[in-house]
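*Asks:* with the input below, show me the fold.
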Amino acid sequence: MALSLIPIDEVKSQFQRLKSIMSASFDDLFVYFKIPWVAGVVPIKMWSFHNVDHRTNNTSEAYNLRFATRLSRKHPNIWSF
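*Replies:* Got it, this is the predicted structure:
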């Protein structure tokens, strides 16, 4: 769901709108998403990216790529070091 990209004050209403137009087969997904993210366990302002200039962690991704390239193995274990 792209709820993280809309204004914070519209998240709950848009969540309800999405739920009303989707088929009942998605009910479990909406329950799963609502409890931690929309109902307030995790505040919406913590996961909202509305009006945020950057949304990616390019620095972290670049570091991980360089590190993985140096290992020369996809799934190293402790003995690989």
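*Asks:* rest of the way, CA atoms for contacts and neighbours
*Replies:* Fine.
*Asks:* can I get the helix or strand of the chain with the lowest mean pLDDT in CSV? Just the C-alpha atoms.
*Replies:* Least confident helix or strand, the chain: helix 58-71 with a mean of 83, by mean pLDDT, DSSP states H and E. What follows is helix 58-71, C-alpha atoms only, in CSV (Å, rounded to 0.1, in the frame of the first residue of the first chain):
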residue,chain,number,x,y,z
ASN,A,58,21.3,4.7,-0.9
THR,A,59,24.3,5.1,1.3
SER,A,60,23.5,1.8,3.2
GLU,A,61,22.7,0.0,-0.1
ALA,A,62,26.0,1.1,-1.6
TYR,A,63,28.0,-0.1,1.5
ASN,A,64,26.2,-3.4,1.5
LEU,A,65,27.0,-3.9,-2.2
ARG,A,66,30.7,-3.1,-1.7
PHE,A,67,30.8,-5.4,1.3
ALA,A,68,29.1,-8.3,-0.5
THR,A,69,31.4,-7.9,-3.5
ARG,A,70,34.4,-8.2,-1.3
LEU,A,71,33.1,-11.4,0.3
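*Asks:* so what's the gap between it and the chain middle?
*Replies:* Relative to its chain's centre, helix 58-71 lies at 21 Å (Cα atoms, centre = their mean, to the nearest Å).
*Asks:* go on, stretch 37-48?
*Replies:* Counting by Cα atoms, centre = their mean, stretch 37-48 is centred 11 Å from the centre of its parent chain.
*Asks:* and that stretch, how far apart are its ends?
*Replies:* Separation of the first and last residues of stretch 37-48 by Cα to Cα, to the nearest Å is 10 Å.
*Asks:* who's in contact with it?
*Replies:* L3, S4, L5, I6, P7, I8, V11, K12, F15, I35, P36 (Cα atoms under 8 Å, 6 or more residues apart in numbering).
*Asks:* neighbours of F15, just the number please.
*Replies:* Neighbour count for F15, taken as other Cα atoms under 10 Å: 17.
*Asks:* check F33 too.
*Replies:* Neighbour tally, F33, other Cα under 10 Å: 14.
*Asks:* right, I'll leave it there.
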